[in-house]
Each structure stands twice: as C-alpha cells, then as structure tokens.
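Peer 1: Provided below for reference: sequence and predicted model.
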Amino acid sequence: MAYETIIYQAEGGIGRITFNRPQVMNALTPTMLKELKSAVIEAGKDKEVKVIVLTGAGKAFCAGVDLKALGDQKLVNGMVGDILDIPARELIDAIRDVPKVVIALVNGFCFTGAMEIMLACDIVIAAEYAKIGDTHAKWGLRPTWGMSARLPRRVGFLKAKELSFTADAIPAKEAERIGLINLAVPTDKLEEALQAMAKKIMANSLQSIAAYKRLYNSNESMALDKSLELEFTSDFEITDGLERLSQFAK
C-alpha cells in the first residue's frame, strides 16, 4: 500500500513504520494518523513480520499534533476535536490490539500526542538525547487520547502529575529511571539496541507473546481479582509448546 506521510518497510521479521514529515518534526495530521493505523494493521497481517516498530524520520520521533491540521475548527475547552481524536484513538486501539509486539523507537523529540502513542506501545527504546514530555498544559490543551489513564499506570500518579503539571520535557535517561521507557541508549547504538531486543522477542513463541499482550492490556483496567480470573480462565491457541519443550529436554 502506498502512503503519503509515513514509510512502511518489512525486512528481517521487522515491520518498520516511520513518521515521514521531518520538515515539521513529524507532526501529526489526520491523514498521518489514518495511515499509521493502516500500516499497523498491514504489519499485523503480514506473516513474515514478527515485531512492529514505530519511529521517526530526521531528528524527531514526533512533535505531537500539527495544530494547523485543525484548519478553521476552533479549540473547545482545550480539545482538538473529532478530526484528530477519532483517528488517533483508532490508531492507539490498533497498536494495542495487534497480536504482535510494537516497539516505539524514539529517535528524538516525543511530545504530547506522540507521547500518548508511545504509551500505547509495548516496549520503548530511546536515544539518550531524546526528550519526552506531556506539553498539553503548556498550550492550554487537555488529553483526549488516554494520557490521564496510561501515564499514571506507567510511572505512578505523583510522577504523572509532575510531568503533566510542569509540562517538562525530560531526557531519555530520566525517562528510563522512572519507568516511562524501557531503555535509553547512545544515539549510535539505537539500531543495535532495537535489533537485539527484536531478536530476543522473535526467538520466543509469538503465540505466547500474543496471549501475554492481550492479558497485560486487559489487566490494566481491572482490579486484581478480575485480573487473576482473566488469566486463570482465558484460552489461547498456542501450538508450538511441545516442540519448544522437547528442545529443552535435550
């Protein structure tokens, strides 16, 4: 499928989706959000793709929403409106629903709406110089793509409030320290770190991983007793267990 605002490439088991508006730091438009969703779905259906990667062209991962994309539509009570909310939520749902690991490879600035997309990903690897921040309050905006639900679940309510109230952009090393991301590495080691992580994931049962992803994502919104019930009672198709266990026996 041909795309205008992103690049999709599949190679070596990795489906790489690149935000491709570097002249505006890959700022999000309705078209880009729709294309990102389509690419995630395309990668999800490709049997050769084992891991999906989101990253950015140029020096930024993504600077957040391109407010010019609103056109004549005015902000109402700090909300960007359905023109962006609907495709953004559909993209985030696609990232969470696809039965494959989605890695955010944060190669530069990652602000606000981009951070909300990042939070939907399963694993986050960032370049040390990258800055990550929730700047909604800086611009008189409010979150509508899930920030207030996902950020405190990632870093705790106190730290989430600090990040959102100050609108500070923190360096990747600090993001790693507080558990916002998995790993911060030198810029020249970013691709190496991605390949190492992807290799480890792809060496395991992808059916087991799909089951884990569904359980983890479902459990986020449940109380402990319901989470345990979900794990104990769910059925998944995992057909490579005997083969893998036979290798262990050797």
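Peer 2: Nice, I can see it.
Peer 1: just checking, F111 touches G133?
Peer 2: Yes. Contact criterion Cβ atoms under 8 Å: F111 and G133 qualify, at 5.4 Å. All C-beta spots, glycine's among them, are computed from the backbone N, C-alpha and C.
Peer 1: okay, those two: which has more neighbours?
Peer 2: F111 (25 against 21; other Cβ atoms under 10 Å).
Peer 1: which residue, other than its chain neighbours, is closest to M1?
Peer 2: Spatially, and ignoring its direct neighbours in sequence, M1 is nearest to E42 (6.1 Å; Cβ to Cβ, 6 or more residues apart in numbering).
Peer 1: check contacts around that neighbour.
Peer 2: Shown in contact with E42 (Cβ atoms under 8 Å, 6 or more residues apart in numbering): 1, 8, 15.
Peer 1: okay, the second one: pLDDT?
Peer 2: Which is Y8. pLDDT recorded at Y8 is 98.
Peer 1: count the residues that sit near it.
Peer 2: Residues lying near Y8 (other Cβ under 10 Å) number 21.
Peer 1: quick one: low-confidence parts of this structure?
Peer 2: Scanning the chain for pLDDT under 70 picks out the ranges 70-75, 224, 227, 241-242, 244-246, 248-250.
Peer 1: the strands in it, which residues?
Peer 2: 6-11, 14-19, 51-56, 60-62, 101-106, 109-111, 123-127, 131-133, 169-171, 183-185 (DSSP state E).
Peer 1: which elements pack onto the last one?
Peer 2: Helices and strands touching strand 183-185, as assessed by 3 or more Cβ pairs under 8 Å, 6 or more residues apart in numbering; DSSP states H and E, comprise strand 123-127, helix 172-177, helix 190-202.
Peer 1: picking up where we left off before, which one of the strands of the chain is the most hemmed in?
Peer 2: Compared across the strands of the chain, strand 60-62 shows the largest average neighbour count, a mean of 29 (mean count of other Cβ atoms under 10 Å).
Peer 1: distance check, the closest residue to E237 other than its chain neighbours against G156.
Peer 2: Using Cβ to Cβ, 6+ apart and skipping the chain neighbours, the partner closest in space to E237 is Q207 (6.5 Å). According to Cβ to Cβ, to the nearest Å, Q207 and G156 sit 33 Å apart.
Peer 1: A69 too?
Peer 2: As judged by Cβ to Cβ, A69 and G156 stand 33 Å apart.
Peer 1: L206 against K100, yeah?
Peer 2: Yes. Using Cβ under 8 Å, L206 is in contact with K100, at 7.2 Å.
Peer 1: which of these two has more neighbours?
Peer 2: K100 (21 against 18).
Peer 1: OK, contacts around the more buried one?
Peer 2: 43-44, 49-52, 206, 209-210, 213.
Peer 1: show the buried residues in those.
Peer 2: Among those, those classed as buried by neighbour count (16 or more other Cβ atoms under 10 Å) are 43-44, 49-52, 206, 209-210, 213.
Peer 1: of the residues you listed, which is the nearest to L119?
Peer 2: Proximity of the buried ones among the contacts of K100 to L119 (Cβ to Cβ) peaks at K213, which lies at 14.8 Å.
Peer 1: distance-wise, check that closest one relative to T187.
Peer 2: 29 Å.
Peer 1: just L228 next, same as before
Peer 2: L228 sits 42 Å away from T187, taking Cβ to Cβ as the criterion.
Peer 1: that older thread, so what's in contact with L206 and K100 at the same time?
Peer 2: With Cβ under 8 Å, 6+ apart, L206 and K100 have common neighbours K50.
Peer 1: near the closest residue to K34 other than its chain neighbours, how many residues? Count them for me, please.
Peer 2: Counting by Cβ to Cβ, 6+ apart, P87 is the residue found nearest to K34 once chain neighbours are left out, at 4.9 Å. By other Cβ under 10 Å, the residues close to P87 number 20.
Peer 1: cool, the one 4 residues further on as well?
Peer 2: Residues near L91, counting by other Cβ under 10 Å, number 26.
Peer 1: thinking it is in contact with L33, fair?
Peer 2: Yes. Counting by Cβ under 8 Å, L91 touches L33, with 5.2 Å between them.
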